[in-house]
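Colleague: Following is a predicted model, sequence given first.
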Amino acid sequence: MYEAGSEQINCNGALIELPSLEVVKPAPKMPADANIDWLLHIYFTRRQFEHCRRLIARELNRHLNAEYLYFVQGLIEREDGNNIEALRNLQKAAELNTHNIETYKEIGRTLYSMGRFGQALSVFREAEQQSPRKDHEIYHYLGELLYRSAATQPQLEIARQQQHEARGYFELAVQAGKKLESYVRLAELYRKDKDYQKAIDVLETCLHLTPENAEVLTEISVLYLKINETQKAFDRLAEIVNIERNCAPKGLLALGAILQSRNDVDAALSKYSQIADTEPEIAELWNNIGLCFFKKQKFIAAVSSLRKSVWISPLNYNALYNLSLIYIAFQISGHQIEVPVAHLNARPGYTGRW
């Protein structure tokens, strides 16, 4: 039995108290001038760009912080490949707030992606002047743009100055932030200046960030070979083998070269064969293979391999020099190398079993 309006019911002669029901209040409507930057940020990080577009279109005329709307709209347009529209929106955001460094950085990135490197350099220089702190991204892009400019600079003295300035910015970048790209580029500049020990030190520091980075380990091993530290190079390459079963061609090539220098020709050829299966169009690979075959007195295979190296890179000094030495050696010894017609007419390269 139930009595209307009461808070009790009679169930089998017993009175049971009804629980009180709370009225759920409707969610308050957001005022027109409310800040919705947080919602826009959530949509953007989730890559829900259509939601972002609708929200921006609705709020742009009445929102108090139009700067952020233009900023996000610019990032979305850039993601969609519309760099011109991205630039327009980011410039509108910069006009509303000339002190926002992040806007300048995004304008610089957009110009960089458009290939307008001179303008990008000017924007990042302005961002550097206005930034109240040391900013890794600004330093990295300044170094990258100056390095690119130096590579295309016809005047040698100006190119050297730009390259020196680029190296200074990369040094600042690795001090201000821990990013792999800055370390790699700085080591590349040291290597270009033939300062191999500094390049090794930079990459060794980089290994603290990525201890199992095969590319960094490979570059370190190659640099150790440059300064004739073959054992250290071998140790680094051994680490790569333990990390990755299929090493990068550059690492396998360096490992094979070390084994070859130790007269372990068969082991070197086994490493080279792994590269030839995946990336056969490497001139240095066939040059080394030719020398291994020459060491094993497989003369036809040696000549054929060296000719393939020359075919891949016609101006390869090492392959041309080694090939001429083989011909001279056999001329002096009274032997004559007869290369089969198949090797002369077909694409050069040894195809037999190693």
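Modeller: Received the coordinates, thanks. Computed from a predicted model, the values in this text were never measured in an experiment. Residues are numbered from 1 along each chain as shown.
Colleague: quick one: low-confidence parts of the stretch 201-350 of the chain?
Modeller: 243-248, 331-350 (pLDDT under 70).
Colleague: mind listing the helices for it?
Modeller: With DSSP state H, counting those that start in this stretch as the criterion, the stretch 201-350 of the chain has helices at 214-226, 230-243, 249-261, 265-278, 283-295, 299-312, 317-332, 341-345.
Colleague: Could you dump those helices into CSV and include mean neighbour count?
Modeller: Glycine gets a C-beta too; all of them are placed from N, C-alpha and C. CSV is the format used below for the helices of the stretch 201-350 of the chain (neighbours: other C-beta atoms under 10 Å):
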stretch, mean neighbour count
helix 214-226, 22
helix 230-243, 18
helix 249-261, 22
helix 265-278, 17
helix 283-295, 23
helix 299-312, 22
helix 317-332, 14
helix 341-345, 11
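Colleague: could the ones you listed be laid out in TSV, adding distance to Val174?
Modeller: Below are the helices of the stretch 201-350 of the chain laid out as TSV (distance: least, C-beta to C-beta, whole Å):
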stretch	distance to Val174
helix 214-226	14
helix 230-243	21
helix 249-261	23
helix 265-278	32
helix 283-295	30
helix 299-312	36
helix 317-332	34
helix 341-345	50
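Colleague: what's the closest of those to Ser182?
Modeller: Checking the helices of the stretch 201-350 of the chain against Ser182 by C-beta to C-beta gives helix 214-226 as the closest, at 12.7 Å.
Colleague: How far does that closest one sit from its chain's centre?
Modeller: Mean C-alpha position of helix 214-226 versus that of the full chain (C-alpha atoms, centre = their mean, to the nearest Å) differs by 17 Å.
Colleague: ok, now stretch 193-202?
Modeller: 20 Å.
Colleague: all strands of the chain, in order?
Modeller: 8-11, 14-17 (DSSP state E).
Colleague: returning to that earlier point: the helices of the stretch 201-350 of the chain: which one's closest to Ala187?
Modeller: helix 214-226 (6.9 Å).
Colleague: list the helices and strands that closest one packs on?
Modeller: helix 180-192, helix 196-206, helix 230-243, helix 249-261 (3 or more C-beta pairs under 8 Å, 6 or more residues apart in numbering; DSSP states H and E).
Colleague: List the contacts of the shortest one.
Modeller: Residues outside helix 196-206 that contact it (C-beta atoms under 8 Å, 6 or more residues apart in numbering): 174, 180, 183-184, 186-188, 190-191, 213, 216, 219-220, 223-224, 226-227.
Colleague: The first one too?
Modeller: Helix 180-192 is contacted from outside by 136, 139-140, 143-144, 147, 163, 166-167, 170-171, 173-174, 196, 198-200, 202-203, 205-206, 209-210, 213, 216, 219, 223, 226, using C-beta under 8 Å, 6+ apart.
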